[in-house]
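Novice: need a structure here:
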Amino acid sequence: MPFSILPQRMPQQVADAIGRTVGGLGVTPNMISLFGFGGNLLAAYLITQEQLLAAGLVYLVFSALDMVDGAVARAMGLVSKFGAVFDAVLDRASEALVIAACAWYFVDRGEQVQAGVAYAGLFGSVAVSYMRARAEVNGLSMREGLFRRQERVALLSLGLLFNGLTVVIWAMAALSNFTALQRFVLITRRLRTMDSEARQATPGGPPQSSGPR
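Specialist: Coordinates of the predicted model:
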């Protein structure tokens, strides 16, 4: 399995405890997803106002809610296909807004090259998620990858918190696009294996129709 930097989920016992506690307050997973989106929207606004430290704190805290909504859904028996799609859409929108705000920040400072790199990072983040979506359409699981959303959130938060956005945006652009390519290679291999197995299961291809009977 390809190496990844951060774990996909928090420890199960911790997740269950948080899920039961938050769910017991009457808070639903979709409410948490919306709250997280609102926080990330605020982080994006703070970036455009060059309040990077505050933006980093807000972005880190509200992005962490992405683990809480799933924990609540599982602990309270509220897991649903709609909830999964709703959460995924808001996650993608949140990340896109924050990275676009970084591009805005660089443009406002006259740093056109950095702005272009930020857009490259935005493309990479979208491509990573798209590769997973295409894999799932074809019945494959795709959680592997060196630089997934949790790594992107952690790195961008560090750049905002410690005034290192200029350096971090380069790393994020390079690593996110590398991960998209990594997932593309994995998907290609698995789909070719599936195609080969399907051909072996049906030698000579599908039977030809002889017309109406």
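
Novice: What mean pLDDT does the helix or strand Gly121 falls within get?
Specialist: Here Gly121 sits within helix 112-137, counting by DSSP states H and E. For helix 112-137, the mean pLDDT works out to 94.

Novice: got it, and stretch 20-38?
Specialist: Here the average pLDDT along stretch 20-38 is 87.

Novice: which parts of that stretch are buried?
Specialist: Val22, Gly23, Val27, Thr28, Pro29, Asn30, Ile32, Ser33, Leu34, Phe35, Gly36, Phe37 (16 or more other C-beta atoms under 10 Å). The C-beta positions use only the backbone N, C-alpha and C, and glycine is treated the same way.

Novice: how long is that stretch end to end?
Specialist: By C-alpha to C-alpha, to the nearest Å, the extent of stretch 20-38 from end to end equals 23 Å.

Novice: Where does the prediction get shaky in the chain?
Specialist: 1-16, 203-213 (pLDDT under 70).

Novice: again, 50 this time
Specialist: Along the chain, segments meeting pLDDT under 50 span 1, 209-213.

Novice: Let's check: the centremost residue of it is which one?
Specialist: Arg149 (3.8 Å; C-alpha atoms, centre = their mean).

Novice: Against Thr202, how distant is that one?
Specialist: When distance is defined by C-beta to C-beta, to the nearest Å, Arg149 is 39 Å away from Thr202.

Novice: Perfect, I'm done here.
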